[in-house]
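K.L.:
Turn this into a structure:
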Amino acid sequence: MDISEELHEKLAEALTTLIEIFALATKCLKEKRVLKFLKNVLLGNDEEIQTAVSKLDKILKSEDSLVGAETWTTTKKVNQTVDGVLVTATATNRAVNETGVMINQMSLEMQEMRQELGKINVGARIESNESERQKSIMKQIKALLRPSVHPEGIHLLLQKAETAMADACSRYTRGLQQTAR
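P.N.:
Predicted structure coming up:
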């Protein structure tokens, strides 16, 4: 983890002061003043050691405040990042919901189109059947209108043609009415 330059300097200063205190304590012990050393440390009579300990205490309090400030700054950055993620997630959720609505609308439109295509297909089949009927009627008319050698045959054929024409016209009209429905 990276630490700030200010915190790095405070830690270095604290370690330097701690080494200074150890050096003073070692000097005191080498001079065989163990009893004096213990009295000074416990009672705080040695001014050099007392000054170094006070300096270390001041540095550590300053370092503690700096760590608190950096923690606060980092927490704020994390909160801002989380807020940004929340905004992005909300926007993404909204986009997904809107896409779902659009997909549902498209699905309904496709169903309507299928129904319309089905109607067109039925209409095409009816038209195809009508075309076949018309061809059949035309064949019957042609057969009826073929020349006859006998005069009574012509009269009979004309009666048949008249009846067939009436039947064909009524069937054709009925077919058109069904198609229109």
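
K.L.:
Quick one: mean pLDDT over the helix or strand where residue 81 lies.
P.N.:
Per DSSP states H and E: residue 81 is located in helix 47-144. Helix 47-144 carries an average pLDDT of 83.

K.L.:
name the helices or strands packed onto it?
P.N.:
Helix 47-144 sits against helix 5-30, helix 34-43, helix 151-180, with contacts defined as 3 or more Cβ pairs under 8 Å, 6 or more residues apart in numbering; DSSP states H and E. Heads up, the C-betas are built off the backbone N, CA and C, glycines and all.

K.L.:
Where among those helices is average confidence lowest?
P.N.:
helix 34-43 (a mean of 64).

K.L.:
how many neighbours does residue 17 have?
P.N.:
Per other Cβ atoms under 10 Å, the neighbour tally for residue 17 reads 19.

K.L.:
from memory it sits against residue 57, does it?
P.N.:
No. The criterion here is Cβ atoms under 8 Å, and residue 17 misses it with residue 57 at 9.4 Å.

K.L.:
ok, now how distant is residue 167 from residue 173?
P.N.:
In this view, residue 167 and residue 173 are 11 Å apart by Cβ to Cβ, to the nearest Å.

K.L.:
cool, and residue 73?
P.N.:
With Cβ to Cβ as the criterion, residue 73 and residue 173 are 91 Å apart.
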